[in-house]
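>>> Okay, predicted coordinates and the sequence, questions at the end:
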Amino acid sequence: METVVVTHPIVQARLTVMRDERSSNAEFRAALRELATLLVYEATRELAVADVPVTTPVAPTTGTAIANPPLLVPVLRAGLGMAEAAFNLLPESQMGFVGLARDEQTHVPHPYMASLPASLAGRPVIVLDPMLATGGSLKHCLELLHERGATDVTVLCALAAPEGVQLIAESGLAGRLFVASVDERLNENAYIVPGLGDAGDRQFGPR
Ligand SMILES: O=P(O)(O)OC[C@H]1O[C@H](OP(=O)(O)OP(=O)(O)O)[C@H](O)[C@@H]1O
Ligand SMILES: O=c1cc[nH]c(=O)[nH]1
Ligand SMILES: [Mg+2]
């Protein structure tokens, strides 16, 4: 798996707002939305394009269209905070949804929703989840995509732990990971350190 740490100063500044315990829910959501926009921009540089004819007020010329728009898959809840940003940059795309909630004792993800097209063969997929901690949630999501034939999967995260990156790399289920930071480690509750806390709670309040 290719892992790209996006070190752009604007990305790092937004991540810092998300880390700050004093940021309100609204400030956290705004920072995540902007960070997600920049991650999508970085991750879509190599998207396949097609030439399209276009006529300007001056002359006909050749323009560019996204040849095969990716399916966007936010992982609920926290990934919802990246969904609008991704859709804004890729309005031609469609969206699927995966709902997972980590058990606080075992840290194993409990699946509660999967709303995905039956076949993903030949379709690029972009998974959106701000947090990659143990990697259990993302691996479950990637398995759902793999079962449906997805072979071109890119993952966008705000933060990752080394343990999660390793699990996903070893799974072979994602081609690329774009992340703003790979932090130090997980703590005894499987939270990322220094991290930013619970990305779902910080956007929406406690479950
Ligand atoms: O790598 P893992 O150890 O599996 O942890 C990461 C998962 O934890 C968070 O979701 P959470 O389960 O807290 O659900 P939420 O988004 O509803 O808060 C996060 O958004 C990831 O999906
Ligand atoms: O640090 C973490 C780990 C899992 N999920 C989160 O939201 N934060
Ligand atoms: Mg949560």
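On my side now, so go ahead. Numbers count the residues shown, from 1 in each chain. Ligands and ions are numbered 1, 2, ... in the order given.
>>> got the residues of the protein near ligand 2?
Within the chain, the positions near ligand 2 by CB under 6 Å from any ligand atom are 78, 131, 133, 191-192, 195, 198-200. For the C-beta atoms, the positions are set from N, CA and C on the backbone; glycine is no exception.
>>> count of residues packed around the residue of the chain found nearest ligand 3?
For the chain and ligand 3, the shortest gap (CB to the ion) falls at residue 200, measuring 3.2 Å. If you count neighbours by other CB atoms under 10 Å, residue 200 ends up with 21.
>>> same deal with residue 65?
Other residues lying near residue 65 total 11 when counted by other CB under 10 Å.
>>> how much space between it and residue 91?
Distance, residue 65 to residue 91, using CB to CB, to the nearest Å: 12 Å.
>>> Which helix or which strand is home to the residue in the chain that ligand 1 sits nearest to?
Closest to ligand 1 within the chain is residue 200: 2.1 Å, counting by CB to the nearest ligand atom. Residue 200 belongs to helix 199-204 when assigned by DSSP states H and E.
>>> Just give the closest residue to residue 54, not the sequence neighbours.
Setting aside the residues directly before and after it, residue 54 is nearest to residue 63 in space (CB to CB, 6 or more residues apart in numbering), at 3.9 Å.
>>> can you check residue 64 too?
residue 49 (4.9 Å).
>>> what sits against the one you found?
Residue 49 makes contacts with 64-67, as judged by CB atoms under 8 Å, 6 or more residues apart in numbering.
>>> what about the closest residue to residue 198 other than its chain neighbours, how many neighbours?
In space, and not counting its chain neighbours, residue 198 is closest to residue 191: 7.6 Å by CB to CB, 6+ apart. Neighbourhood size, residue 191 [other CB under 10 Å]: 17.
>>> and if you look at residue 52?
If you count neighbours by other CB under 10 Å, residue 52 ends up with 10.
>>> what is it paired to in the beta sheet?
Residue 52 forms beta bridges with residue 63, as assigned by DSSP bridges.
>>> Residue nearest the middle of this structure, spatially speaking?
The centroid of the chain falls nearest to residue 128 when counting by CA atoms, centre = their mean (2.2 Å).
>>> Quick check: bridge partners of it?
Beta-bridge partners for residue 128, by DSSP bridges, are residue 74, residue 156.
>>> any chance of the residues of the chain next to ligand 2 in a markdown table, plus distance to residue 146?
Below are the residues of the chain next to ligand 2 laid out as a markdown table (distance: CB to CB, whole Å):
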| residue | distance to residue 146 |
| --- | --- |
| 78 | 22 |
| 131 | 21 |
| 133 | 21 |
| 191 | 27 |
| 192 | 25 |
| 195 | 28 |
| 198 | 27 |
| 199 | 24 |
| 200 | 25 |
